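J.: here you go, sequence then predicted model.
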Amino acid sequence: MMKFTKQNFIFLVGGIIIYVVDIGVDFWVASKYFCRQYCWGILILCFRGLSSLIIQVFSYEWFKNDWEGTDTGKLKWIFLVHLFQCGIFIRYWFALKYGCQAAFKQKSSGDASERDPPNFIQKQAVDAVADINMLRVFKTFLETTPQLFVQIYILMEHGKNNFCQYAAIITSFCSISFSTVDYQISLRKSLPDKDEFRVLPKLVYVFYKLLTITSWILSISLITLLNVRSSVILLIFLWICGFTWTLKQHTTFCKSKKMEYLYRTVVGIILIFTFFNIKGRKTKVCISIYYATHTIITLGILFVYMFWKPSIIKEIHFTIVSILTILSLVLGIIFLLVYYRLFHPTAYCRPQACSDEVDGQAGQKDRVEIGRFQNFIMQ
């Protein structure tokens, strides 16, 4: 397990700032829409409400798993905090506490065991941040990415723009960037035999994700402009495909069946927007089929516009959007190939600790913590 460094602590603080700013921008943009078109304001708040509810459910379930056998009074207090949609801030508090100790106050030797105080603090910091980053992945694709789609659609449909729209779009891009990079950092730190996630791989990975997601959102926005019903049918069909594939992978992320099906439902939504490796296996064929399908759908939508030439969008606007869509798709695929060719950890090994029998309550907790992140979506 790698060390929790000062740079990681700075990224953690940056993530908190982006998270709080994102909440403020959401309510600001929603209030602006309520003054003119309240349906858009309601939709933006619905994305936030659904995302927050799912995040609180998973966060509380993880607290229950980690604190199994401890004082029930603590769990009642934690439940109350999550009931008021503030569970993520409790996790940030723990992460800042352990992260500060690990990055600034502890000096661990490489030969020390995981149970030695310095290394134990390092593990607590890494685990706390890993839980937050898993929750932020949920938020990114349940709230931020759909909101980005809505903002771009409104911009394309009405042609009117104002500062709050641009602020929302920029905040969404920043949030996607931070969450994807932070998640990859946690993945490298929490799994054994993984190289450190350096600056160049981070940039390549971010550009791969942002460009492919941007191209896809522009494509979906175009088909939504043409026909809202067709867009909804397409998104539902893609979710069914993603959910079905997740079922066939026999994921084992959660302890209970209900939570596992909720997890698979959320992963199905995530797979609408971007590809993730669910089981940590080789996915060359799957990722090729995934992005080939997205490319075919994107080109199909552009060809429909080219030959049909609907009056709903001006020709100059369509030319700009189509160039951006193709350019971001091509560049995104190039960054994807570079990342998988040069920087991607090719083997996700499952350590023995996940399956070995360990006596005592502390050993059981370690298995839960390790298994949770290793059974999460990978890349």
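T.: Received the coordinates, thanks.

J.: next, the buried residues of the helix or strand harbouring residue 151.
T.: According to DSSP states H and E, residue 151 maps onto helix 145-158. For helix 145-158, the neighbour count (16 or more other Cβ atoms under 10 Å) marks 145-156 as buried. The C-beta positions use only the backbone N, C-alpha and C, and glycine is treated the same way.

J.: let's have those residues in JSON lines, adding pLDDT and distance to residue 197.
T.: Below are the buried residues of helix 145-158 laid out as JSON lines (pLDDT from 0 to 100; distance: Cβ to Cβ, whole Å):
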{"residue": "145", "pLDDT": "92", "distance to residue 197": "22"}
{"residue": "146", "pLDDT": "92", "distance to residue 197": "27"}
{"residue": "147", "pLDDT": "90", "distance to residue 197": "27"}
{"residue": "148", "pLDDT": "90", "distance to residue 197": "24"}
{"residue": "149", "pLDDT": "91", "distance to residue 197": "28"}
{"residue": "150", "pLDDT": "89", "distance to residue 197": "31"}
{"residue": "151", "pLDDT": "87", "distance to residue 197": "30"}
{"residue": "152", "pLDDT": "87", "distance to residue 197": "29"}
{"residue": "153", "pLDDT": "86", "distance to residue 197": "33"}
{"residue": "154", "pLDDT": "84", "distance to residue 197": "35"}
{"residue": "155", "pLDDT": "82", "distance to residue 197": "33"}
{"residue": "156", "pLDDT": "80", "distance to residue 197": "35"}
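
J.: ok, and the closest non-adjacent residue to residue 183?
T.: Among residues not flanking residue 183 along the chain, residue 133 sits closest, at 4.5 Å (Cβ to Cβ, 6 or more residues apart in numbering).

J.: returning to what we had before: which one of the buried residues of helix 145-158 sits closest to residue 36?
T.: Proximity of the buried residues of helix 145-158 to residue 36 (Cβ to Cβ) peaks at residue 154, which lies at 10.5 Å.

J.: contacting residues around the closest one?
T.: 40, 165 (Cβ atoms under 8 Å, 6 or more residues apart in numbering).

J.: what about it, distance to residue 31?
T.: 15 Å (Cβ to Cβ, to the nearest Å).

J.: same question, residue 278
T.: In terms of Cβ to Cβ, residue 278 sits 38 Å off from residue 31.

J.: many thanks, we can stop here.
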